[in-house]
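Asker: need a 3D model of the sequence below.
(chains A and B)
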Amino acid sequence: MSERRLEAVDLHLWRGDRHVLRGLEFSLGGSECLQVTGSNGSGKTSLLRTLCGLMWPEQGRVLWGGSDIRRDMPAFHTDLAYIGHEPPLKADLTPRENLLYWAGIRRRLTGDEANDALSRVGAAAWGDRPVRTLSAGQKRRVALAGLMLLAAPLWLLDEPTTNLDAEGQQLVSSLIREQLARGGLVVAAVHHELTLAGSALRRLELAGG
Amino acid sequence: MGDAVISTAVNVRPPLSSPLEAARLMLARDIRLALRKRGQIIQPLVFFAIVTTLFPLGISPELSRLRDVAPGVLWVAALLSSLLALEFLFRDDAHDGTLEQHVLSGQSLAWLMFAKTAAHWLLTGLPLAVMAPLAGLSLGVPAASLGGIVFSVALGSIALSLIGAIGAALTLTVKRSGALLSLLTLPLSMPVLIFGARATELAIKGAPYGPPLYLLGALAVLGVTLAPLAAAAAVRISLE
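Answerer: Below you'll find the predicted structure:
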């Protein structure tokens, strides 16, 4: 448990000729949530993609449990759940099929678990419709169900509340609170403040290039 | 705050899926997707059928002349139709973000790429091998040689799918990748074309076609061992 720590050390990232991250540093421990804010184009998504190892910084390192994530990417990735702008769902499959695949390639998963996750996010009624017929908010809810099923200690969320109604935003908050209560870590890029009463919320403001 | 259905503590982790399980899920998913979008499988096959039937119209309906050009026609058509199918290999996954999740799955990306390419071959290469006898018969090929043709196309298309996977992964971020994809993969596919056409030619003549078939097998094995690694590296670069 004490090993669970995500650190960014002197991160510099360039996108083309823009210096997006300039010497970014932070250290996040278990049960802590880092809220990343900043205007459009300030590098929130780039930061998240760098933290999960999809982008390689020009300088600096990302440490997980004290060791560089590049030393053992697969091990780091089994501890990580990342959800980007778009929910990673196949339009021609149903939400249930999507979850059984997406979470299933990582961990053993039963159909009951998938059903439980779907009903938790309020998707029980439309869990067997093709994803292409769902609204953006419904897709986002399916992605949240996937996030639960991945059962990873580290969550990296890019705009988790986009397209969600008030009740859906509540759901995001309660999922994050539960993750923190389990000792997990959350890094969330957001436009609107997260409402996490009583939880350890830390803030990072990206100035923008 | 809702009922806590999932109470798995983070430190009590569910068991991870084995690589075999992940590959099985990948195969099942891609086959299911293909069955829901049949157009993507049928298009290359129709293309193959049309190209091979155009030749008799263009050259001459004389069977003896057609029989001479049959190996080349069959193989060039097979090559081009496999190229047509390649564009769909990673494009959809990259578009909807599932490719990113493959990279982040904790499974070996090369292994997942292999499973994905295997599914692709089952859906495009194998049907091509099944169709080849029909195209062969329309080119006046003797019935006794059909077995050799099916075998060589099946074996050759394994190599073509794997070579193509590298090209498809490299051109993921290119907007209209068709032309670039063919420029990248066609030169690499030449050995497959040469040995495949040679095996087909020998089969038509009734001669033993083993040796070129062995070489096709060697190319397929080379592809199986190296192409997934190259495709995985290319996918990582494309996603950055």
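Asker: tell me where chain B has helices.
Answerer: B:19-36, B:39-58, B:63-86, B:88-96, B:98-103, B:109-120, B:126-138, B:146-170, B:178-205, B:210-239 (DSSP state H).
Asker: winner for burial among those helices?
Answerer: helix B:146-170 (a mean of 25; mean count of other Cβ atoms under 10 Å in any protein chain shown). Backbone N, C-alpha and C define where each C-beta goes, glycine included.
Asker: hang on, the earlier thing: okay if I get the helices of chain B as a markdown table plus mean pLDDT and distance to A:Asp17?
Answerer: Output for these, formatted as a markdown table (pLDDT from 0 to 100; distance: least, Cβ to Cβ, whole Å):
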| stretch | mean pLDDT | distance to A:Asp17 |
| --- | --- | --- |
| helix B:19-36 | 95 | 38 |
| helix B:39-58 | 91 | 39 |
| helix B:63-86 | 92 | 33 |
| helix B:88-96 | 90 | 25 |
| helix B:98-103 | 95 | 25 |
| helix B:109-120 | 96 | 30 |
| helix B:126-138 | 93 | 46 |
| helix B:146-170 | 95 | 24 |
| helix B:178-205 | 94 | 25 |
| helix B:210-239 | 95 | 19 |
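Asker: any chance of the ones you listed in TSV, with distance to chain A too?
Answerer: Converted to TSV, the helices of chain B look like this (distance: least, Cβ to the nearest Cβ, whole Å):
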stretch	distance to chain A
helix B:19-36	4
helix B:39-58	11
helix B:63-86	17
helix B:88-96	6
helix B:98-103	5
helix B:109-120	7
helix B:126-138	20
helix B:146-170	15
helix B:178-205	21
helix B:210-239	6
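Asker: switch those helices over to CSV; also include distance to A:Val190.
Answerer: Formatted as CSV, these follow (distance: least, Cβ to Cβ, whole Å):
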stretch, distance to A:Val190
helix B:19-36, 31
helix B:39-58, 38
helix B:63-86, 39
helix B:88-96, 23
helix B:98-103, 20
helix B:109-120, 30
helix B:126-138, 48
helix B:146-170, 33
helix B:178-205, 38
helix B:210-239, 23
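Asker: tell me which of the ones you listed lies nearest to A:Gly16.
Answerer: Minimum separation from A:Gly16 across these (Cβ to Cβ) falls at helix B:210-239, 15.7 Å.
Asker: what is the closest one packed up against?
Answerer: The contact analysis (3 or more Cβ pairs under 8 Å, 6 or more residues apart in numbering or on different chains; DSSP states H and E) places helix B:210-239 against helix B:88-96, helix B:98-103, helix B:109-120, helix B:146-170, helix B:178-205.
Asker: quick one, the longest one and helix B:126-138 angle?
Answerer: I take that to be helix B:178-205. 50 degrees (axes from the mean of the first three to the mean of the last three Cα atoms, to 10 degrees).
Asker: give me the distance from helix B:178-205 to the chain's centre.
Answerer: Here helix B:178-205 shows a centroid-to-chain-centroid distance of 13 Å under the convention Cα atoms, centre = their mean, to the nearest Å.
Asker: ditto for the second one
Answerer: Helix B:98-103 has its C-alpha centroid displaced from the chain centroid by 20 Å (Cα atoms, centre = their mean).
Asker: cool, stretch A:24-32 as well?
Answerer: Relative to the centre of its chain, stretch A:24-32 is centred 15 Å away, using Cα atoms, centre = their mean.
Asker: in it, what counts as buried?
Answerer: Residues of stretch A:24-32 classed as buried: A:Leu24, A:Phe26, A:Leu28, A:Gly30, A:Ser31, A:Glu32 (neighbour count, 16 or more other Cβ atoms under 10 Å in any protein chain shown).
Asker: for the residues you listed, give me TSV that also has pLDDT, secondary structure and distance to chain B.
Answerer: Output for those, formatted as TSV (pLDDT from 0 to 100; DSSP: H, G, I helix; E, B strand; the rest coil; distance: Cβ to the nearest Cβ, whole Å):
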residue	pLDDT	secondary structure	distance to chain B
A:Leu24	93	strand	18
A:Phe26	94	strand	20
A:Leu28	95	strand	14
A:Gly30	91	coil	8
A:Ser31	91	coil	10
A:Glu32	92	strand	13
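Asker: between those, which sits nearest B:Val73?
Answerer: Nearest to B:Val73 among the buried residues of stretch A:24-32, counting by Cβ to Cβ, is A:Leu24 at 59.4 Å.
Asker: what sits against that closest one?
Answerer: Listed by Cβ atoms under 8 Å, 6 or more residues apart in numbering or on different chains, the contact set of A:Leu24 reads A:Ala8, A:Asp10, A:Leu11, A:His12, A:Leu47, A:Gly60.
Asker: can you tell me the SS state at the third one?
Answerer: Under the three-state scheme (DSSP: H, G, I helix; E, B strand; the rest coil), the conformation of A:Leu11 reads as strand.
Asker: measure it to chain B for me?
Answerer: Counting by Cβ to the nearest Cβ, to the nearest Å, the separation of A:Leu11 from chain B is 15 Å.
Asker: residues near that residue, how many?
Answerer: A count of neighbours around A:Leu11, defined by other Cβ atoms under 10 Å in any protein chain shown, yields 22.
Asker: pretty sure it is touching A:Trp56, no?
Answerer: No - counting by Cβ atoms under 8 Å, A:Leu11 stays clear of A:Trp56, with 10.6 Å between them.
Asker: got any residues that touch both of the two?
Answerer: In contact with both A:Leu11 and A:Trp56: A:Thr50, using Cβ under 8 Å, 6+ apart.
Asker: list the contacts of B:Thr185.
Answerer: B:Leu83, B:Leu86, B:Ile163, B:Gly164, B:Ile166, B:Gly167.
Asker: OK, contacts around the residue nearest to the spatial centre of chain B?
Answerer: The centre of chain B sits closest to B:Ser161, judged by Cα atoms, centre = their mean, with a distance of 2.9 Å. Neighbour list for B:Ser161: B:Ser82, B:Leu86, B:Thr117, B:His120, B:Trp121, B:Thr124, B:Gly125, B:Gly223 [criterion: Cβ under 8 Å, 6+ apart].
Asker: show residues contacting stretch A:41-52.
Answerer: If you take Cβ under 8 Å, 6+ apart as the criterion, stretch A:41-52 is touched by A:6, A:8, A:11, A:13, A:15, A:20-21, A:24, A:36-38, A:55-57, A:62, A:77, A:80, A:82, A:84-85, A:156-158, A:187, A:189, A:206-209, B:104.
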